[in-house]
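# From the sequence below, what's the structure:
(chains A, B, C and D)
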Number of protein chains: 2
Amino acid sequence: MAKLDLFKFVPFRLNRLGAEVSAALSSEYRERYGLDIPEWRVIATLGFRKEACSAQYIAQCTRTHKSTISRAVTALLERHLLERVENEDDRREFRLRLTRKGTMLYEDLIPSLLRREQEILGCLSAQERKDFARLLGKIEDSLGLVQTSRPMSEIEAY
Amino acid sequence: MAKLDLFKFVPFRLNRLGAEVSAALSSEYRERYGLDIPEWRVIATLGFRKEACSAQYIAQCTRTHKSTISRAVTALLERHLLERVENEDDRREFRLRLTRKGTMLYEDLIPSLLRREQEILGCLSAQERKDFARLLGKIEDSLGLVQTSRPMSEIEAY
DNA sequence: GCGAGATAGTCTCACTTGCAACTATCTAAA
DNA sequence: TTTAGATAGTTGCAAGTGAGACTATCTCGC
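Numbers count the residues shown, from 1 in each chain, chains lettered A, B, ... in the order given. As a prediction, the model looks like this:
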């Protein structure tokens, strides 16, 4: 008779761990700045990339639905953490970039988030962390998840 | 200036991977049996453990909110995949167990789910899979996630 | 230049889920 | 025995999210 131990089943474990880690991290930017996960993703994408980029680009590379990104962008615009400029070449899209205030928030948040990441990975040795990142990368690759920052043109349709 | 590359940031990667893998797997039981994730978790827990157990127990060990489990149990009862019997020792709780129909569904589903798991892990060598499972386990342990089936009495409050 | 189809972004709708209140029941202590 | 507090399970409500329709704009082929 077939059996499946949920606690040894990798898909379940990844889902549970992803939710857990995400909850731990998001409490950081939610409590300090009232940001939710989509809003944080927008800020993180714009903060890391120097150039302004479109909402569509952010949706694609964070794998978040465009309507979710749209709502996050609206909220951030209202809080003046973001500004958008019309793109003269294509008037359907807007170029988004962090305001000075948004950049300050981003830079203020990074150290504590990196610290939390290190806490989560603190149970692993340096070598194990490298191995874990490498194995994660292999799985991401095989599932076609975007793994590194790439120019917009290389990101295939979502 | 502080920088954080979202694509190298483990919490983001785990969350994205967890969502992706979960979506890939859930399409299997959704399309074949119209089950959603909470319903599948109830069935998986009861199918693996021989003894009947309470909704509370399922909620705790799958780390799913008790109201979500309650709704899943109601739906499964209506479909006659589950039955519940009053617990004479404690009339607040019910003992849940799969019906014959539920057991058949469970056993029918297992092979394809295990196959999908293997597809996802197919990019790793046998040794890498072992390593990955071990590292996952270390992180789960350090975060206090339940990792193996344990008697109900040992599971601390959610 | 014009029309068909594609794309960026917004908005409405339906669905899911977590929270918290609620009922019923249990436990322990006065 | 009574009462206060804990616990199992259910339910109403509010918030968040994806699907898909919609508008405006772009592109390509004629």
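# which residue is nearest the centroid of chain A?
In chain A, the residue lying closest to the centroid (C-alpha atoms, centre = their mean) is A:Arg41, at 4.1 Å.
# so which strand or helix has it?
Using DSSP states H and E, A:Arg41 sits within helix A:37-48.
# Quick one: mean pLDDT for that helix?
Average pLDDT, helix A:37-48: 96.
# swap in stretch A:125-134?
Computed over stretch A:125-134, the mean pLDDT rounds to 97.
# is any part of it close to chain B?
Yes: using C-beta under 8 Å from any C-beta of the partner chain, we find that stretch A:125-134 touches chain B at A:Glu128, A:Asp131, A:Phe132, A:Ala133. Placement of C-beta: from N, CA and C, glycine included.
# distance between that stretch and the chain's centre?
Taking C-alpha atoms, centre = their mean, to the nearest Å, one finds the center of stretch A:125-134 at 21 Å from the center of the full chain.
# Surely the residue nearest to the centre of chain A is in contact with A:Ile58?
Yes: between A:Arg41 and A:Ile58 a contact is recorded at 7.0 Å, counting by C-beta atoms under 8 Å.
# re the thing from before, which one of the residues of stretch A:125-134 next to chain B is nearest B:Ile110?
Nearest to B:Ile110, judged by C-beta to C-beta, of these is A:Phe132 at 28.0 Å.
# list the contacts for the closest one?
Applying C-beta atoms under 8 Å, 6 or more residues apart in numbering or on different chains, one finds that A:Phe132 lies in contact with A:Leu121, A:Leu124, B:Val10, B:Phe132, B:Leu135, B:Ile139.
# ok, those vs A:Arg32, which is closest?
Out of these, the member with the shortest distance to A:Arg32 (by C-beta to C-beta) is B:Val10, at 20.3 Å.
# so who does that closest one touch?
A:Val21, A:Glu117, A:Ile120, A:Leu121, A:Phe132, A:Ala133, A:Leu136.
# What sits closest to the last one if chain neighbours are left out?
Take A:Leu136 and drop its neighbours on the chain: the residue closest to it by C-beta to C-beta, 6 or more residues apart in numbering or on different chains is B:Arg13, 5.8 Å away.
# Distance of the one you found relative to A:Glu140?
As judged by C-beta to C-beta, to the nearest Å, B:Arg13 and A:Glu140 stand 7 Å apart.
# go on, A:Arg84?
Taking C-beta to C-beta, one finds A:Arg84 at 30 Å from A:Glu140.
# Next: A:Gln118.
For A:Gln118, the distance to A:Glu140 - C-beta to C-beta - is 21 Å.
# Comparing the two, which shows the higher neighbour count?
A:Glu140 (19 against 11; other C-beta atoms under 10 Å in any protein chain shown).
# Quick check: residues of chain A near DNA strand C?
A:54-57, A:59, A:66-67, A:70, A:73-74, A:90, A:92-94, A:157 (C-beta under 7 Å from any atom of the strand).
# among those, which two are most distant?
Pairwise over the residues of chain A next to DNA strand C, using C-beta to C-beta, the maximum falls at A:Thr74 and A:Ala157, 23.4 Å.
# Which one of those two is surrounded by more residues?
For A:Thr74 versus A:Ala157, neighbours defined as other C-beta under 10 Å are more numerous around A:Thr74 (12 against 5).
# What strand or helix carries the more buried one?
helix A:66-78.
# counting contacts, what elements does that helix pack onto?
helix A:37-48, helix A:55-62, strand A:82-86 (3 or more C-beta pairs under 8 Å, 6 or more residues apart in numbering or on different chains; DSSP states H and E).
# go with 6 Å
Counting contacts by 3 or more C-beta pairs under 6 Å, 6 or more residues apart in numbering or on different chains; DSSP states H and E, helix A:66-78 is packed against helix A:37-48, helix A:55-62.
# Can you pull the residues of chain A lying near chain B?
Chain A has residues A:2, A:4-7, A:10-11, A:13-18, A:20-22, A:25, A:44, A:48, A:63, A:107, A:110, A:117, A:123, A:128, A:132, A:135-136, A:138, A:142-143, A:147-148 near chain B, with proximity defined as C-beta under 6 Å from any C-beta of the partner chain.
# which of those count as buried?
A:4, A:6-7, A:10-11, A:13-18, A:20-22, A:25, A:44, A:48, A:110, A:117, A:123, A:128, A:132, A:135-136, A:138, A:143, A:147 (16 or more other C-beta atoms under 10 Å in any protein chain shown).
# Now do the same contact list for the closest residue to chain B within chain A.
At 2.4 Å from chain B, A:Gly18 is the closest residue in chain A, using C-beta to the nearest C-beta. Neighbouring residues of A:Gly18 by C-beta atoms under 6 Å, 6 or more residues apart in numbering or on different chains: B:Leu14, B:Asn15, B:Gly18.
# ok, these vs A:Gly34, which is closest?
B:Asn15 (19.7 Å).
# For the one helix or strand the closest one maps to, list the C-alpha coordinates in CSV.
Applying DSSP H and E as the criterion places B:Asn15 in helix B:10-33. Extracted in CSV, the C-alpha atoms of helix B:10-33 (Å, rounded to 0.1, in the frame of the first residue of the first chain):
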residue,chain,number,x,y,z
VAL,B,10,17.2,33.2,0.6
PRO,B,11,13.9,34.2,2.2
PHE,B,12,12.5,35.5,-1.1
ARG,B,13,13.8,32.5,-3.0
LEU,B,14,12.3,30.1,-0.5
ASN,B,15,9.0,31.8,-0.7
ARG,B,16,9.0,31.9,-4.5
LEU,B,17,10.1,28.3,-4.7
GLY,B,18,7.5,27.2,-2.2
ALA,B,19,4.7,28.9,-4.1
GLU,B,20,5.9,27.5,-7.4
VAL,B,21,6.3,23.9,-6.3
SER,B,22,3.0,24.1,-4.4
ALA,B,23,1.2,25.3,-7.5
ALA,B,24,2.7,22.6,-9.6
LEU,B,25,1.7,19.9,-7.1
SER,B,26,-1.8,21.2,-6.3
SER,B,27,-2.8,21.2,-9.9
GLU,B,28,-2.5,17.4,-9.7
TYR,B,29,-5.1,16.9,-7.0
ARG,B,30,-7.2,19.9,-8.0
GLU,B,31,-7.7,18.7,-11.5
ARG,B,32,-8.1,15.0,-10.7
TYR,B,33,-10.2,15.3,-7.6
